[in-house]
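Chemist: Here you go, sequence then predicted model.
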Amino acid sequence: MDTHALLDRHSDALALFTDRVHAVRADQWDDATPCAEWTVRDLVNHLTAEQLWVPALVVEGRGTAEAPDAFDGDVLGAHPAVTWDRAASAAKAAFNGPGALARTVVLSYGERPATAYCAQMVADATVHTWDLSRAIGADETLPDELVAFTAREVAPYATGLARSGLFAPAVKPPPDADAQTKLLCLLGREPWSREWADRSGGAGGTSV
């Protein structure tokens with residue numbers, strides 16, 4: 001995929017998650033999500049912290065090892081949606097900067113091309129959009145382009161994610177599963193189940 005297409009997918013994923021963040025009602029921030037032990041606020045906080053890292057890594061050339069706890073804890077403050085918007089806008093601008101995708105970034109597991117980092121961010125935002133949608137009762141349908149992109153991105157290392165504890169083990173999809181269901185199952189989700197919603201803290205099979 002060329003860099004223009006990659007940036008388009010990144011923009012699409014951010015816009016999709018942004019739409020869901022703005023759909024969160026005031027009484028839903030403490031609700032459970034399909035992500036183990038994460039509330040809605042925890043989930044949005046995680047994605048927001050990830051966006052805050054982008055300018056530091058891509059523009060400033062910092063490595064996560066230099067200040068691994070720079071964006072730990074609560075980064076949302078009193079106005080979560082506003083904080084998300086600012087972080088997402090800054091991340092988008094960083095990846096779209098001149099020569100940004102030609103650079104190398106230093107992540108916790110080593111140096112990676114900025115294109116690979118951007119692709120991972122697209123996949124993460126896409127899957128977590130489904131998590132947030134399920135948690136707040138919003139439309140769970142993901143765009144076909146983002147589903148296809150994310151499936152291609154995570155397929156080579158999905159097994160490693162499960163072994164690392166970052167995601168729950170893959171789930172066998174139903175025989176008639178569509179592409180979105182297959183993707184969610186690959187990353188440990190069970191889209192036909194709402195068992196997690198009845199558990200304290202949202203535990204339900206997916207860790208990140």
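Modeler: Done, it's in.
Chemist: Point out where the protein drops to low pLDDT.
Modeler: The model of the chain has pLDDT under 70 over residues 1, 62-70, 162, 164-166, 196-208.
Chemist: other SSEs contacting the longest helix anywhere in the chain?
Modeler: Longest helix in the chain by number of residues (criterion: DSSP state H): helix 114-136. Counting by 3 or more C-beta pairs under 8 Å, 6 or more residues apart in numbering; DSSP states H and E, the packing neighbours recorded for helix 114-136 are helix 3-21, helix 40-54, helix 80-95, strand 104-107, helix 144-154, helix 179-186. For the C-beta atoms, the positions are set from N, CA and C on the backbone; glycine is no exception.
Chemist: tell me the contacts of residue 187?
Modeler: For residue 187, the contacting residues are 127, 154, 158, 161, 167, 168, 170, 206, by C-beta atoms under 8 Å, 6 or more residues apart in numbering.
Chemist: Residue 188 - how many residues pack around it?
Modeler: Neighbour count of residue 188, defined by other C-beta atoms under 10 Å: 24.
Chemist: oh, I was asking about residue 77
Modeler: 10.
Chemist: three-state assignment of it?
Modeler: Of the three states, residue 77 takes coil under DSSP: H, G, I helix; E, B strand; the rest coil.
Chemist: got the contact list for it?
Modeler: For residue 77, the contact set (C-beta under 8 Å, 6+ apart) comprises residue 83.
Chemist: What count of nearby residues applies to residue 186?
Modeler: 21.
Chemist: Distance of the residue of the chain positioned farthest from its centre relative to residue 136?
Modeler: Using C-alpha atoms, centre = their mean, the residue of the chain lying farthest from its centre is residue 175. It sits 26.8 Å away. Per C-beta to C-beta, to the nearest Å, residue 175 is found 30 Å from residue 136.
Chemist: Shouldn't residue 111 be within a strand?
Modeler: Yes - assessed with three-state DSSP, residue 111 lies in a strand.
Chemist: Now it: closest residue in space, sequence neighbours ignored.
Modeler: Closest residue to residue 111 apart from its sequence neighbours, by C-beta to C-beta, 6 or more residues apart in numbering: residue 104 at 5.2 Å.
Chemist: how close does that neighbour sit to residue 122?
Modeler: 18 Å.
Chemist: Those two: who's more crowded?
Modeler: Legend: neighbour count by other C-beta under 10 Å for residue 104 and residue 122, higher for residue 122 (24 against 15).
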